[in-house]
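Asks: sequence first, predicted model second:
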Amino acid sequence: MFRYLPFILKSSMRSRRRSLLTVASAAISLCLLGTLMAIYHAFYVEDAPPQQALRVITRNRVSPAISVPISYRDRIQQVRGVVDVMPFQYFGGIYKEPRNVFARYAVEPEHLWKVRSDLAVPEDQKRAFQREKRGCVVGRGLVRRYGFQIGDRLTLKGDIFPVNVDLVVVGIYDNPSAADVLYFRLDYLIDLVPERRRNKVFAFELLADSADAVPRICRDVDELFRNSTAATKTEAERAFELGFVSLLGNVKGFLVSISLALTFTLLLVTANTTAISVRERVREVGVLKVLGFTTPAILGIIVSESAFLTLLGGILGCSFAWLLISLIRKLPAVIVPLAGLRLDPVVGMLLILIGVLVGMASALVPAWGAARTPILRALRFTD
Amino acid sequence: MAVPFSYNLRNLRERKTNTIMTALGLALTVAVLLSVLALVEGLRATFRASGDPAHILVLRKGAATELISNLDRSTYNDLKFKAGIARDDSGMPEASLELVTIVNLESPEHPEGMNVNLRGLGPMGLRMRSGVTVERGRWFRQGYREIVVGRSVAARYPQVGLGGKVHFGRGDWQVVGVMSAGQSATNSEIFCDLNQLAADWNREELLSSVLIRSTDPLTKSALIHDLNDDQRLNVDAVEETEYYERQTTSSAPVRFVGMFVALIMSVGSSFAAMNTMYAAVSRRSGEIGTLRVLGFSRSAILVSFLAESLALAVMGGLIGCILVLPLNNVTSGIGSFTTFSETTFQFRVTPAIMGVGILFALLMGALGGILPAGNAARRQILEALRAI
């Protein structure tokens, strides 16, 4: 087949406009398909990064909107395999306007550095957070968006908590996968809220000593509180994040069905192109056969032309998908698992492979018909 | 101007496979767009049907939803007798104090569990909701650990069917009834006795909201202003219909992504349609020359080939509508990031949506067909004839 390569290449470019349109159409379908595959991969296939794999969240079993008693902390600390426990409160609230969306958590400074060792913060800023009760630490992403600097004051208007929180920026952290979070001090918040809300907290973040221990830790912690008024649900941090994704609806079903629609569209487009091109060349096929090309050879040539076009479309689509994905990553990421979205090389290869396979499969039927036409009928053919 | 429409339309029939394949490609793009629109419309229908125009919902000031609103029992007692609140036959104000929280239930679709709204209310609350009736079983009794589930909840969460038992809070609750509320979001909720729920959740004093019926539409806005301006009460009053209207934003992410995908797919489909039409034009070069010799003008050729492309598009649009029809009335759920719970709705494929689908297809056909039609119109007669 390879000695026919120049012929195949020249032939695919026979009608430049048609080939261009086909490649463009294929590129668009494959770009979308690639993006959807990358999202599916990030949500459901990929393992959590090694540091996240050690983190576990304990929250109220009924719903994340209901709190757990702070007193649970001591018993959780006793569970074998738990290195550190940090209670934290999701604050919500509004910074200046409702559309400035980013996560705000009230935490305990000493434990934050232990449990979230992936937050890179200079030592002096860590100490400042420990000293300054109204201090807060912001991510590099927030610095980019709002221009925060050390020493800036900011106020969060409470909605879940009916209090306003005045903060001073004392630290900036760097963390590529979660750069848009603001951490302030739990003890400051507790002082502000009414008496009856002081002993409750949104959830606990646990640090496990190894990733393997995580499933057992989850079971053990939940077992401790199974019969209490606030039963807990303990899960790996990744599973916790995905729980919010599932709120959007049947995301898996959505991704799969759109991917199928795209693949089918691609199939139709390439089949159409091959059918058109084959129809134009019936006489030419007759001539080729007279020259001695066998039926399988002609079949192979036509199918390869289609494969070549979809290969081009695949490479182009892959690049567009990569661009689209980098754009998505920059969105104010409310949905956390998307922050680390990227086009895995394996996913990219798979995408191009799917494109080529679809191109080949769709060309089979028209190519088969053309290759099998008897020579005389082919030569006499008029359209 | 004479335009050879029948010539072009007949040609579509001649090239059956080509026509079908291109139309199918267009149909898929239309189907994607229509499913997104059907989802949004279904959700909107649910929220539109929820909420009585005469009702006012009172939340703690600053709370956007009932779930995060912590309203004092004393606040309820203070506002109960305000002017403008309707009275029932026995003279009691139609103001229902309610506690809204959520429970986590497992379902086949969500084995890890999904949140469902749980509402504790008293007899007044039930009476005020005239559109809600018990389909099977009966209402819960005051003081008992009994719950009544909405129709959609019973359908999607098998373990809370009639007669089932669920454990939450401090113990077990018995499912004694299934309620139905037209299209409203109440179908996605569970009702139970206010005081039982408050005791279980340790919220005897801090409840969620008050539902009020106003005496008439004229006094309604006056009452809302009165409640909002009252410094002592510190509440936000809003029309119940407007409260539900606000919650349609939960579909915003899906709508955005769906339309984005449909838009991009439409570009791809336009290219495919363009391909088909260019091929048709070049293959029928001789025929075009003949038509010109017969006296058809350039613009007539342009129009007729454009019409062929549009006819192709209409076919694609119709097939797309047919593909989406099975989705109609399919029940699904969507969660809200603000309330953390799921609202069930049904996909609604309305004639208006199908109209939009056809228009969308026509647009794709027009964009894909204009250049090839121009190409056909511009051909020189002699060159065209010689191409035979």
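Replies: Ah, there it is. Note that the structure is a prediction, hence the values are computed from the model and not measured.

Asks: domain parsing of the chain, as residue ranges.
Replies: The chain I'm using is chain A. Domain assignment for chain A, taken from automatic domain parsing, gives A:2-47+A:249-380, A:67-229.

Asks: I was after chain B.
Replies: According to automatic domain parsing, chain B comprises the domains B:5-48+B:250-386, B:62-233.

Asks: how long is the longest one from one end to the other?
Replies: By that I understand domain B:5-48+B:250-386. Using CA to CA, to the nearest Å, one end of domain B:5-48+B:250-386 lies 24 Å from the other.

Asks: helix, strand or coil for B:Lys82?
Replies: Classification of B:Lys82 by DSSP: H, G, I helix; E, B strand; the rest coil places it in coil.

Asks: quick one: it and B:Leu223 touch, right?
Replies: Yes - counting by CB atoms under 8 Å, B:Lys82 touches B:Leu223, with 6.8 Å between them. C-beta: built from backbone N, CA, C; applies to glycine.

Asks: neighbour count winner among these two?
Replies: More crowded of B:Lys82 and B:Leu223, by other CB atoms under 10 Å in any protein chain shown: B:Leu223, with 21 against 15.

Asks: picking up where we left off before, so which of the domains of chain A gets nearest B:Thr241?
Replies: Closest to B:Thr241 of the domains of chain A, according to CB to CB: domain A:67-229, at 21.4 Å.

Asks: and that closest one, how far from the chain's centre?
Replies: Relative to the centre of its chain, domain A:67-229 is centred 24 Å away, using CA atoms, centre = their mean, to the nearest Å.

Asks: same check, this time on stretch A:271-283
Replies: For stretch A:271-283, the distance to the chain centre is 40 Å (CA atoms, centre = their mean).

Asks: who touches it?
Replies: Stretch A:271-283 has contacts (CB atoms under 8 Å, 6 or more residues apart in numbering or on different chains) with A:14-15, A:18, A:22, A:285, A:302, A:305-306, A:309, A:362-363, A:365-367, A:369-370, A:373, A:378-379, A:381, A:383, B:17-18, B:21-22, B:25, B:272, B:275-276, B:279, B:283.

Asks: try it again at 7 Å.
Replies: Contact with stretch A:271-283 is made by A:18, A:22, A:302, A:306, A:362-363, A:366-367, A:370, A:373, A:378-379, A:381, A:383, B:17-18, B:21-22, B:272, B:275-276, B:279, as judged by CB atoms under 7 Å, 6 or more residues apart in numbering or on different chains.

Asks: pull out the buried residues from it.
Replies: Neighbour counts over stretch A:271-283 (16 or more other CB atoms under 10 Å in any protein chain shown) mark A:271-279, A:281-282 as buried.

Asks: reformat those as a markdown table; add pLDDT and secondary structure.
Replies: Shown next, in a markdown table, are these (pLDDT from 0 to 100; DSSP: H, G, I helix; E, B strand; the rest coil):
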| residue | pLDDT | secondary structure |
| --- | --- | --- |
| A:Ala271 | 86 | helix |
| A:Asn272 | 85 | helix |
| A:Thr273 | 84 | helix |
| A:Thr274 | 85 | helix |
| A:Ala275 | 85 | helix |
| A:Ile276 | 84 | helix |
| A:Ser277 | 85 | helix |
| A:Val278 | 84 | helix |
| A:Arg279 | 82 | helix |
| A:Arg281 | 83 | coil |
| A:Val282 | 84 | helix |
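
Asks: up against chain A, what does the stretch 101-250 of chain B have?
Replies: Applying CB under 7 Å from any CB of the partner chain, we find that the stretch 101-250 of chain B lies next to chain A at B:101-104, B:109-110, B:112, B:115, B:168, B:170.

Asks: where do the strands of chain B begin and end?
Replies: Assigned by DSSP state E, chain B shows strands spanning B:55-60, B:71-72, B:95-105, B:114-121, B:133-137, B:146-150, B:165-168, B:171-180, B:189-193, B:206-207, B:209-213, B:235-239, B:331-335, B:342-346.

Asks: partners of the third one in the sheet?
Replies: It refers to strand B:95-105. strand B:114-121 (antiparallel), strand B:209-213 (antiparallel) (DSSP bridges).

Asks: what angle sits between the helix or strand bottoming out on mean pLDDT in chain B and strand B:342-346?
Replies: Ranking every helix and strand in chain B by mean pLDDT, DSSP states H and E puts strand B:331-335 at the bottom, with a mean of 76. Per axes from the mean of the first three to the mean of the last three CA atoms, to 10 degrees, the angle that strand B:331-335 makes with strand B:342-346 is 150 degrees.

Asks: residue ranges in the stretch 1-150 of chain A under the pLDDT threshold?
Replies: Counting by pLDDT under 70, the stretch 1-150 of chain A has low-confidence residues at A:1, A:62-63.

Asks: buried ones in the strand or helix carrying A:Phe308?
Replies: In the assignment (DSSP states H and E), A:Phe308 maps to helix A:295-330. Within helix A:295-330, the residues that count as buried by 16+ other CB under 10 Å are A:298-318, A:320-322, A:324-325, A:328.

Asks: and the pLDDT for B:Asn328?
Replies: We have a pLDDT of 87 for B:Asn328.

Asks: and A:Asp344, what does it touch?
Replies: With contacts defined as CB under 7 Å, 6+ apart, A:Asp344 is in contact with A:38, A:41.

Asks: now the phi/psi pair for it, please.
Replies: A:Asp344 adopts backbone torsions of phi -60, psi 140, taken as degrees, to the nearest 10.

Asks: right, and A:Cys90 touches A:Phe202 too?
Replies: Actually, residue A:90 is Tyr. It isn't Cys. Yes - in terms of CB atoms under 7 Å, A:Tyr90 counts as a neighbour of A:Phe202; the distance is 4.7 Å.
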